[in-house]
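Undergrad: Fold the stuff below for me.
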Amino acid sequence: MKFVIAIGGNAVNRPGEKPTAENMMKNLRETMEYLVDIIKDHSVVITHGNGPQVGNLLLQQEVAKDVVPPFPIDVNDAQTQGSLGYMICQTLYNTLTEKNVKKEVVAVVTQIVVDPEDPAFQNPTKPIGPFYSEEEAKKIMEEKKWAMTEDAGRGWRRVVPSPIPIDIIEKDVIRFLVDNGFVVVAAGGGGIPVIRLKDGTLKGIEAVIDKDRASSLLARELDADMFIILTGVEKVYLNFNKPNQKPLDTLSVGEAEKYLKEGHFPPGSMGPKIESAIDFVRKTGRECLITDMRRLKQALEGKTGTRIVPEV
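TA: Below is the predicted model of the structure:
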């Protein structure tokens, strides 16, 4: 079987933990332990987030901006795709080697096409980078023409568009690698956002693509048998973190859409995951599994996790 597995941010950095390379390697090594069984017997593509890592890179560039000019977001996306791809490849390679599993691992720096007319470009909502005072923010908005907003009382931050992914430039390369037995790390951080120009060439653009939406698109392009989203909870819940919270074992796409509209899955957390799951299931007729990485084995056995399934 062929799986696309989207690993969450807690696979790289734990809450409250310093974002050092040592901690990231340690966490990824633990994450790979949970993936080995499925990788051993199946074809797997791993996708991952990069939001905190891009944020830290932007902070470093802000501090050093008078010495080294900052890079645009698409280049920062590429840098973090490369560094996290390296870390995932090495920790997975070492885990496979220790368990005597003979599989090659490769990371593909992935460009993902978005529509320059996507409404998201008229309404930037994704906060990135360091915090600023209101005075600093107003000066930056005037000088750089950035969109900025106050962020939960913590200061002002830049906000960028989060457009819908529509195509994957390297999809044929990724498909070839997977079909020839490689474990592939791809579409990191939602991919590097690019647009197609009229002459067919590509150009990077200032945006952030949701990694679960990009992963769903990749799963469809690769004709995956199942799309798996690993996150910080064992199951999807209604009324999450409330006294009347209710775990969900199975959701039809219709039920998922209904609960999404009712506000059970907020835009900043479970919402994009459910939207991405709906998209995959509706367009393929196959299932999406959402669970905690520590419960992946049991979830694949049907003992836990939440499955989004086609309508009966």
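
Undergrad: And Leu230, which helix or strand is it part of?
TA: With elements delineated by DSSP states H and E, Leu230 resides in strand 226-231, which encompasses its position.

Undergrad: Tell me which other helices or strands that strand touches.
TA: Taking 3 or more Cβ pairs under 8 Å, 6 or more residues apart in numbering; DSSP states H and E as contact, the helices and strands that strand 226-231 lies on are strand 2-7, helix 211-221, helix 271-284, strand 287-292. No exception for glycine: its C-beta is placed from N, CA and C like everyone else's.

Undergrad: Mind checking what helix or strand follows it in sequence?
TA: Once strand 226-231 ends, the next helix or strand along the chain (criterion: DSSP H and E) is strand 236-238.

Undergrad: Check which residues of that next one are buried.
TA: When neighbours are counted by 16 or more other Cβ atoms under 10 Å, the buried residues of strand 236-238 are found to be Val236, Tyr237.

Undergrad: Equivalent analysis for stretch 101-114, please.
TA: Neighbour count says stretch 101-114 has Lys103, Val105, Ala107, Val108, Val109, Thr110, Gln111, Ile112, Val113, Val114 buried, by 16+ other Cβ under 10 Å.

Undergrad: Can you verify my assumption that the first one contacts Ile39?
TA: Yes: checked against Cβ atoms under 8 Å, the pair Lys103 and Ile39 is within contact range at 6.5 Å.

Undergrad: Between these two, which contacts overlap?
TA: Overlap between the contact sets of Lys103 and Ile39, as judged by Cβ atoms under 8 Å, 6 or more residues apart in numbering, is given by Leu96, Val183.

Undergrad: mind checking which helix or strand of this protein has the lowest mean pLDDT?
TA: Every helix and strand in the chain was compared by mean pLDDT, DSSP states H and E; the lowest is strand 126-132, with a mean of 80.

Undergrad: so what does that strand touch, helix or strand wise?
TA: Contacting strand 126-132 under the criterion 3+ Cβ pairs under 8 Å, 6+ apart are the following elements: helix 51-63, strand 156-160.

Undergrad: Which strands or helices does the shortest one pack on?
TA: Helices and strands touching strand 156-160, by 3+ Cβ pairs under 8 Å, 6+ apart, are strand 126-132, helix 134-144, strand 148-150.

Undergrad: Tell me which of those is the most buried.
TA: Highest mean neighbour count of the helices and strands packed on strand 156-160: strand 126-132, a mean of 18 (counted as mean count of other Cβ atoms under 10 Å).

Undergrad: Strand partners (parallel or antiparallel) of that strand?
TA: The strands beside strand 126-132 in its sheet (DSSP bridges) come out as strand 156-160 (antiparallel).

Undergrad: how about the strand it pairs with as PDB, C-alpha atoms only?
TA: The C-alpha trace of strand 156-160 is given here as PDB (Å, rounded to 0.1, in the frame of the first residue of the first chain):
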ATOM      1  CA  TRP A 156       2.400  43.100  16.200                       C
ATOM      2  CA  ARG A 157       3.400  40.600  13.500                       C
ATOM      3  CA  ARG A 158       3.500  40.300   9.800                       C
ATOM      4  CA  VAL A 159       0.600  38.400   8.200                       C
ATOM      5  CA  VAL A 160       0.900  36.800   4.800                       C
END
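
Undergrad: relative to helix 51-63, how tilted is that strand?
TA: Orientation of strand 156-160 against helix 51-63 (axes from the mean of the first three to the mean of the last three Cα atoms, to 10 degrees) gives an angle of 120 degrees.

Undergrad: Please identify the buried residues of stretch 281-293?
TA: Val281, Thr284, Arg286, Glu287, Cys288, Leu289, Ile290, Thr291, Asp292, Met293.

Undergrad: what comes into contact with it?
TA: The contact list for stretch 281-293, computed with Cβ under 8 Å, 6+ apart, reads 7-8, 11, 31, 34-35, 216, 219-220, 223-236, 253, 273, 276-277, 280, 299-300, 304-310.

Undergrad: next one: that stretch to chain centre, how far?
TA: Counting by Cα atoms, centre = their mean, to the nearest Å, stretch 281-293 is centred 15 Å from the centre of its parent chain.

Undergrad: Determine how far the last residue of it lies from the first.
TA: Its start and end residues considered, stretch 281-293 measures 21 Å (Cα to Cα, to the nearest Å).

Undergrad: Equivalent analysis for stretch 8-24, please.
TA: Between the opening and closing residues of stretch 8-24 there is a gap of 13 Å (Cα to Cα).

Undergrad: residues of it that come out buried?
TA: Buried positions in stretch 8-24, judged by neighbour count with 16+ other Cβ under 10 Å: Gly8, Gly9, Asn10, Ala11, Val12, Asn13, Arg14, Met24.

Undergrad: how far out from the middle of the chain is that stretch?
TA: The answer for stretch 8-24 is 15 Å, by Cα atoms, centre = their mean.
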